[in-house]
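Novice: Predicted model, plus sequence, below.
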Amino acid sequence: MIRFFAGHPTAANLLMALFMIVGLASLPHLRRETMPDFAPREIEVRIPYPGAAAEEVEEAVGRRVEDALDDVSHVDEIRCDSREGLSITVVEMAEEGDFQTFFNDVERGIDAIDDFPEGVEDPVIEELGRTDLVLGVLVSGPLSVPDLKACSEDLKERMREAGLALIDIEGFSDRQLRVALSEPALRRTGLTVPMVAEAIAAQSRDMPLGTIETREMDILLRLDEHRRTPRELETLVVWAGPEGAEVRLAEIATVEDTFETEEEKITMDGRRCALLKVSKTSTEDTIRVARRAKAFLEAERRRQPQLNLTITQDQSLILVDRLGMLISNGMQGLVLVFLVMWVFFHIRVSFWVAMGLPVSFLGAFLVAPRIGLSVNMFTMVGLLLALGLLMDDAIVIAENVAAHRQRGKGPLPATVDGTREVTAGVFSSFITTACVLGPLAFVGGQIGRVLRVVPMILLLVLAVSLIEAFVILPAHLNHAMQHLDPRRANPVRRRFDACIEWLRQNLAGKLVGILIRRRYLVFSTVLALFILSIGMLASGRIRVQGFPELEGDVVLARLLLPQGTPLARTEQTVEHILSALQRTNAVFAPDQPGGRALVANVYAQFNHNTEAFENGPHVATITVDLLSAEERSGTIDAYLAEWRRQIGDLPDVVSLTLGEPGFGPGGRPIEVRLRGRDLDRLKAASEDLRAWFGRFRGVINLADDLRPGKPEVRLRLRPEAHGVGITALDVARQL
């Protein structure tokens, strides 16, 4: 084969053109994303139980769900989180299962539960990890809160029309018409709270009534009495007498258009904001989605200049930075290889050796989408490794062919003999790389799903480079050797070669001779260094991490106060943390390029804390956008340490964690699960464990998720209440 392609340059050129043209055509289909798909196949079952305490939710909902899932096959783990008014069950599938069958089995098991208590709402079953965040958009302006919500909904619909399908709005709870009854008016009219509630439920209705069938057409009937505005609801008749007397809702109550919970809000610089989260599916390209969103926002700023549209949590920036680094390193490597080869060989040889890099990469990009690979933070690690490895084969072949040519052989025999002579060595080098990195492709779990893409893309590029080295390169070397006549070397080249030969004989050769004569000393020294390196690992002087730390551009402060804390107290604590952030920014701003501020954007989201596993006015999350990693100076650890120092000790704070949102499947550095039926003993054990961990230097962000809930008042009817006709249901409805 080597002889055939070396003597037929047309075939080699056609193959090279095929790799490059089809590889370039495949680039638009190569998906770019921050991380490879590593999320475990999980299903979440959310079942609301409004008004119920966490203990009641666990008994009435959580245990029934767990019992219903006992018969589902391929269940790896079931995690049930019982909160006030909500049960969240996460079911993780084992790796050998089929997800569609697994999802259907879980759905069938939940639907079979028919003994939920009254008041439990319908379950919501969905797959987790289907989408990835691309960026967020903070929307603010001179608008009231209801108008801001309406404006956000309008933006969401028009962004969907622009091709951005996955958009969620955060910062608002459910909108509602709140009816505040007047107690004197109720006494005057003799009405009760249940009577008013039943009247509203009975009269504010929108329902189909059937069909009238005529000879000409069918006519649908529909009752449209649904009251959608405060004015419409105020005109509703609550009570009517036989003589025509009426009591309308406006006479006994005030109606307010508001939101369900006050704490569900986002603020930035003291202004109320809406957050539009733009996400993508696993088949979409992060950079393309981000560009589409930014183009829409740019047009929207011109269309509505009174709105402030601020981009936050832009996940595409770090991907663009890493891609730019990869391209820059590739170009630098290409130029350096060409220049170094030019020093030792003819310019034609140098050019064709350097061409192996783009040909190998484009050939790999042709195959990568077909086997499910994308360009992400980890495949780029594999590509960076390939930059250094794939050029070695071409250099070894070119150097050996040139050596055969300098012995006086003709161009074609020198090419064929020189290539064949190093074939075994080149293939053994590839096999060695495959043996070292190949096992990473078989690591299990979430980390395995991330790490396997590194050897896959690396070995793919190296496999294409072997084809290029043994099929395409010999034809080009044959042509280049026709212009390389060792008898016609210019004087500069002869002196340079003589200098290299002198270094080889007098420097490298003598050093190798000394090492061979003292081989036992060399062997013992190498062995001692090997033992020393193992000792460095065993002693902990060289850290061992299951997942590398990748600095992003976003940090979070997650705040948790005791349950029952009013929103005003949470807002005061958030203001203190934001003031500490401003002082931290002042410390690091002088060190940034051009004296720019380290903090680009910051906003606070109340009723949101993913680390707390609960909601309410006592939790909040502060999101900080920093200068990009390529621009800023300093490390995130240093920023967080200074921010933590500026915050100081806060009273009545259950937990305050400062850190990054998290990249990849690494998770928390240490997570301990305690199991037991006695909650008091579990709480005491968790407190002891926290105190024990806290004694170690460097341990931060300690927290546990077993916390006391809100205070609860339990009522019981007096025995004499039954004698006057009062039932427990009457009292419950009135309350």
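Specialist: Yep, it's here.
Novice: so Leu674 touches Ala684, yeah?
Specialist: No - using C-beta atoms under 8 Å, Leu674 is not in contact with Ala684; the gap is 10.2 Å. The way it works is simple: take the backbone N, C-alpha and C, and place the C-beta from them, glycine included.
Novice: is it true that Leu221 lies in a strand?
Specialist: Yes - membership of Leu221 in a strand is supported by DSSP: H, G, I helix; E, B strand; the rest coil.
Novice: How confident is the prediction for it, by pLDDT?
Specialist: pLDDT, Leu221: 88.
Novice: ok, it touching Gly210?
Specialist: Yes - applying C-beta under 8 Å, one finds Leu221 in contact with Gly210, separated by 5.4 Å.
Novice: And the strands in the stretch 151-300 of the chain?
Specialist: 166-170, 175-181, 206-213, 218-224, 237-240, 246-248, 253-259, 266-268, 271-281 (DSSP state E, counting those that start in this stretch).
Novice: Kindly report the same for the stretch 301-450 of the chain.
Specialist: Using DSSP E, counting those that start in this stretch, the strands found in the stretch 301-450 of the chain span residues 308-312.
Novice: Quick one: low-confidence residue ranges for it.
Specialist: 445-446 (pLDDT under 70).
Novice: Give me the angle between the one helix or strand Ala150 maps to and strand 175-181.
Specialist: Assessed by DSSP states H and E, Ala150 sits inside helix 145-161. Calculated by axes from the mean of the first three to the mean of the last three C-alpha atoms, to 10 degrees, helix 145-161 forms an angle of 160 degrees with strand 175-181.
Novice: Quick check, Thr379 in contact with Val453.
Specialist: Yes - if you go by C-beta under 8 Å, Thr379 and Val453 touch, sitting 5.1 Å apart.
Novice: Backbone torsions only: list them for the residue with the largest distance to the centre of the chain.
Specialist: Taking C-alpha atoms, centre = their mean, the residue of the chain most remote from its mean C-alpha position is Glu243, at 66.4 Å. Dihedral pair for Glu243: phi -90, psi 0, per degrees, to the nearest 10.
Novice: Tell me if Leu521 really is in a helix.
Specialist: Yes - remark: Leu521 belongs to a helix, assigned using three-state DSSP.
Novice: where along the stretch 551-700 of the chain do the strands fall?
Specialist: 554-560, 599-606, 619-626, 655-659.
Novice: Same list (these) but as CSV, adding mean neighbour count and mean pLDDT.
Specialist: Listed next are those as CSV, based on neighbours: other C-beta atoms under 10 Å; pLDDT from 0 to 100:
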stretch, mean neighbour count, mean pLDDT
strand 554-560, 22, 90
strand 599-606, 21, 91
strand 619-626, 23, 91
strand 655-659, 18, 86
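Novice: Leu521 is nearest to which of those?
Specialist: Proximity to Leu521 (C-beta to C-beta) singles out strand 655-659 among those, at 49.7 Å.
Novice: Give the other helices and strands that that closest one contacts.
Specialist: Packing contacts for strand 655-659, counted by 3 or more C-beta pairs under 8 Å, 6 or more residues apart in numbering; DSSP states H and E, involve strand 554-560, helix 636-647.
Novice: Mind putting the ones you listed into a markdown table with distance to Leu390?
Specialist: As requested, those are exported to a markdown table (distance: least, C-beta to C-beta, whole Å):
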| stretch | distance to Leu390 |
| --- | --- |
| strand 554-560 | 35 |
| helix 636-647 | 34 |
